[in-house]
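> Make a model of this:
(one chain, ligands or ions: 1)
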Amino acid sequence: MIDFKKEIADILSQKVEGLTVEEILEMMEIPPNSQMGDFAFPCFKLAKIFRKAPNMIAKEIAESIEGNDLFEKVENMAAYVNFFIDKATFAKSVIEEVLEKKDQFGSSNLGEGRKVIVEFSSPNIAKPFHIGHIRSTVIGNAIYKLYDFLGYDTVTINHLGDYGTQFGKLIVAYKNWGDEKEVEANPIPTLLKLYIKLHEEAEKHPELEDESRMWFKKLEDGDEEAKRLWQWFRDVSLKEFNRVYGMLNISFDSYAGESFYSDKMPRVLNMMEEKNLLKESKGADIVDLEEYNMPPALIRKSDGSTLYITRDITAAIYRKENYDFYKNIYVVASQQNLHFQQWMKVVELMGYDWAKDCIHVPFGLVSLEEGTMSTRKGRVVFLEDVLKKAIEQTRKIIKEKNGDLPNIDEVAKQVGIGAVVFQELSNNRIKDYTFSWDRTLNFDGETGPYVQYTHARACSVLRKAQAKLDENINYGLLGNEEAMNLVRVIQQFQTTVEEAARKYEPSIVTRYIVDVAQAFNRFYHHCPIIVEDQEMQKARLALVSSAKQTLQNGLNILGVAAPERM
Ligand code: ARG
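A predicted model of the protein is given here:
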């Protein structure tokens, strides 16, 4: 793709002595409207060098560039040189790039040779996979895909919450009231019921709490029975989670969760001791963070058992040693901000300068209309139910609108799930929101189904025309407002992807592909595509094909399917 801005800066650097290409790039502006051209170069600062009025300088520069094929015209308006890019050259440059790169359009090799870990989803074992988990899961997946698309060497990790005192509780509850067949048949609800029962019983019989702690200690010490039960709870839970990951088409390179670090913590505790970081407090070990305005980090309890934070510190060190990451990204709710600040500080105090490469990407809270979610109170919306309902709803709509679509089941899945994922990725991640069935199942407006439908519409045009695109396209035929606007939007794809990755903000891509869809639909309504004039048809089809490719690549980054018919 021609980098017009850079081309202009190169030309200008030959006209104005004393300014480097970089300085010129800094000075260049995008005019507020297209009547003033595509780029502008202000000449105020040149008055001193040339000892002339800025208007005069602008005029002379403009005149000396007139006649270059890159531009329709170059003219001065007051102290500005305004560049009007040649429309055909611009359209050719963008469209040829899309059609050549296809599913790689927008990608780059920016990240070559750099390893980026994206940790996301990370649910707690034996607890329901609820609507709150969709956030980390789909935001994390999109961030992984962004970095992958930019050529980074990515590793995805699901840091399962599969360790800690709650497993002691679960073991005690199961040993007292559990039934093997019931757990096998309906694992997570049954385990959840047991967990809740233990909490209720413990109010009357506090000794159950001690017993639970003892069983977790046994698990940490490698007791056979404790390990067998824990492994079983983990296996049945993971089977359930994998069903949802399957629906979302998400997988992980590693499921090394908290338990993975149990035998790696003693070494890290020793290192902390050697560095004199640990302080004794009521029999427990802490790292004092008062100096940094944070509460102390509790690293080891008085009974010797470890904590969530101990495992995060150990995991970060393990990842550095085993992956030598360039960035280690954690997509975890903003409720855990303090936890992340604390452990990253501890890692820094241990002398690891790579602590700065560990990045917490927080997101806001999801609540329900009836209040915050609470698994213990049974106030929870299961993610699987949301996805299933969305599929059902979509199937109904497709049946009404396009009853003889051959693969209704498949498309209903792609569109139903796509709608939920797209909505999730539409707002800035940091915003809190209230889950609403109505909003989730409403497909009007700037939604996933709208973008998917636009993509399918473009596919259908290309199918009908049985387009064979060859080299000889007259790009000059794409000069009208709607076509040029679509070209301009498509041209933004790569910078949009780069910005979204830099800000860890998939919603930038979501909003962008809505813009592409809208620009496409405006073009589609104003410019008939299948027309007598073969030249015109070919040029417009090339643009349709580019828009289709851009939508497809964008949806793919978001983890949303792009069906060809719907
Ligand atoms: N399992 C935790 C939870 O559900 C999230 C884990 C986040 N990742 C981490 N490295 N601490 O709250």
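
> Point out where this structure drops to low pLDDT.
467-469 (pLDDT under 70).

> Residue 498 contacts residue 150, correct?
Yes - when contacts are counted by C-beta atoms under 8 Å, residue 498 is listed as touching residue 150 (6.8 Å). Bear in mind the C-beta positions are built from the backbone N, C-alpha and C, glycine included.

> tell me, what's touching these two both at once?
Where contact means C-beta atoms under 8 Å, 6 or more residues apart in numbering, the residues bridging residue 498 and residue 150 through contact with each are 108, 110.

> Look at the two and report which has more neighbours.
residue 150 (23 against 17; other C-beta atoms under 10 Å).

> can you pull the contacts of the more buried one?
Shown here is residue 150, whose contacts under the criterion C-beta under 8 Å, 6+ apart are 107-111, 497-498, 501.

> Which entries within the residues you listed meet the buried criterion?
Buried subset of the contacts of residue 150 (neighbour count, 16 or more other C-beta atoms under 10 Å): 107, 111, 497-498, 501.

> can you redo the contacts of residue 150 as CSV with distance to the ligand?
Formatted as CSV, the entries for those read as follows, by distance: C-beta to the nearest ligand atom, whole Å:
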residue, distance to the ligand
107, 28
108, 29
109, 29
110, 26
111, 22
497, 26
498, 26
501, 21
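
> Secondary structure and distance to residue 227 added to those residues, as JSON lines?
Output for the contacts of residue 150, formatted as JSON lines (DSSP: H, G, I helix; E, B strand; the rest coil; distance: C-beta to C-beta, whole Å):
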{"residue": "107", "secondary structure": "coil", "distance to residue 227": "45"}
{"residue": "108", "secondary structure": "coil", "distance to residue 227": "47"}
{"residue": "109", "secondary structure": "coil", "distance to residue 227": "45"}
{"residue": "110", "secondary structure": "coil", "distance to residue 227": "45"}
{"residue": "111", "secondary structure": "coil", "distance to residue 227": "40"}
{"residue": "497", "secondary structure": "helix", "distance to residue 227": "45"}
{"residue": "498", "secondary structure": "helix", "distance to residue 227": "47"}
{"residue": "501", "secondary structure": "helix", "distance to residue 227": "41"}
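
> can you list the buried ones among the contacts of residue 150 in a markdown table and add distance to residue 128?
Rendered in a markdown table, the data for the buried ones among the contacts of residue 150 read as follows (distance: C-beta to C-beta, whole Å):
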| residue | distance to residue 128 |
| --- | --- |
| 107 | 37 |
| 111 | 36 |
| 497 | 34 |
| 498 | 37 |
| 501 | 32 |
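
> near the ligand, which residues of the stretch 1-150 of the chain show up?
119, 122-124 (C-beta under 6 Å from any ligand atom).

> what's the answer for the stretch 151-300 of the chain, then?
Counting by C-beta under 6 Å from any ligand atom, the stretch 151-300 of the chain sits next to the ligand at 159, 161.

> can you pull out the helices in the stretch 151-300 of the chain?
Using DSSP state H, counting those that start in this stretch, the helices assigned to the stretch 151-300 of the chain run over residues 165-177, 180-185, 187-204, 207-220, 224-248, 265-274.

> before we move on, what about the stretch 301-450 of the chain?
With DSSP H, counting those that start in this stretch as the criterion, the stretch 301-450 of the chain has helices spanning 308-323, 337-349, 383-401, 408-424, 437-440, 448-465.

> Minimum distance to the ligand: which of those has it?
Distances from the ligand to each of those were compared by C-beta to the nearest ligand atom, and the smallest falls on helix 308-323, at 5.0 Å.

> quick one: contacts of stretch 404-421?
Under the criterion C-beta under 8 Å, 6+ apart, residues 134, 138, 247-248, 386-387, 390-395, 398-399, 440-441, 443, 447-449, 452, 555, 558-561, 563, 565-566 lie in contact with stretch 404-421.

> make that stretch 248-267, sorry
Stretch 248-267 is touched from outside by 121-122, 125, 137-138, 141, 155-164, 220, 230, 234, 238, 245, 306, 308, 310-311, 314-315, 318, 387, 417, 421, 559, 561, with contacts defined as C-beta under 8 Å, 6+ apart.

> Give me the buried subset of these.
Neighbour-count burial within the contacts of stretch 248-267 applies to 121-122, 125, 137-138, 141, 155-164, 220, 230, 234, 238, 245, 306, 310-311, 314-315, 318, 387, 417, 421, 559, 561; the criterion is 16+ other C-beta under 10 Å.

> Minimum distance to the ligand, which residue of the stretch 251-400 of the chain gives it?
The nearest approach of the stretch 251-400 of the chain to the ligand comes at residue 332, 4.3 Å away (C-beta to the nearest ligand atom).

> Pull the contacting residues for that residue.
Applying C-beta under 8 Å, 6+ apart to residue 332 gives the contacts 119, 122, 136, 340, 360-362.

> Also residue 11?
Shown here is residue 11, whose contacts under the criterion C-beta under 8 Å, 6+ apart are 65, 68.

> Please apply the same query to residue 197.
The neighbourhood of residue 197, defined by C-beta under 8 Å, 6+ apart, consists of 173, 177.

> From residue 209, how far out is it?
Here the distance between residue 197 and residue 209 works out to 14 Å (C-beta to C-beta, to the nearest Å).

> Same check on residue 296?
Here the distance between residue 296 and residue 209 works out to 23 Å (C-beta to C-beta).

> Check residue 352 too.
Summarising the geometry, the distance separating residue 352 from residue 209, computed by C-beta to C-beta, is 36 Å.

> Check residue 532 too.
Taking C-beta to C-beta as the criterion, residue 532 is separated from residue 209 by 82 Å.

> which of those two has more neighbours?
Neighbours per residue (other C-beta under 10 Å) separate residue 532 from residue 209, with residue 209 holding more: 17 against 7.

> hang on, that one packs against residue 201?
No - look at residue 209 against residue 201 with C-beta under 8 Å: they stay out of range, at 10.1 Å.

> how many neighbours does the residue lying closest to residue 114 once chain neighbours are set aside have?
Nearest residue to residue 114 in three dimensions, chain neighbours excluded: residue 326, at 3.9 Å (C-beta to C-beta, 6 or more residues apart in numbering). For residue 326, the count of nearby residues is 16 (other C-beta under 10 Å).

> How about the contacts made by residue 326?
Taking C-beta under 8 Å, 6+ apart as the criterion, residue 326 is in contact with 111, 114-116, 152, 357.

> and what of residue 1?
Contacts of residue 1 by C-beta under 8 Å, 6+ apart are 93-94, 97, 491.

> Give me the subset of those lying in strands.
In this view, the contacts of residue 1 have no member that belongs to strands under DSSP state E.

> And the residue in the stretch 1-150 of the chain that the ligand sits nearest to, which helix or strand is it part of?
Among all residues of the stretch 1-150 of the chain, residue 122 sits closest to the ligand, at 3.8 Å; criterion: C-beta to the nearest ligand atom. According to DSSP states H and E, residue 122 maps onto no helix or strand at all.

> That one: what's its closest spatial neighbour, skipping adjacent residues?
With C-beta to C-beta, 6+ apart as the criterion, residue 122 has its nearest non-adjacent residue at 4.3 Å, and that residue is residue 159.

> Run through the residues that contact that neighbour.
Neighbouring residues of residue 159 by C-beta under 8 Å, 6+ apart: 119, 122, 256-258, 315.

> Measure how buried the closest residue to residue 427 other than its chain neighbours is and give me the count.
In this structure, residue 427 finds its nearest non-sequential neighbour in residue 507, 6.0 Å apart by C-beta to C-beta, 6+ apart. Residue 507 has 20 neighbours, counted by other C-beta under 10 Å.

> Could you do residue 545 as well?
Taking other C-beta under 10 Å as the neighbour definition, residue 545 ends up with a count of 21.

> so it makes contact with residue 462?
Yes - the pair residue 545 / residue 462 is scored as a contact, 6.1 Å apart, by C-beta under 8 Å.

> So residue 39 is in contact with residue 25, correct?
No - under the criterion of C-beta under 8 Å, residue 39 is not in contact with residue 25, lying 10.4 Å apart.
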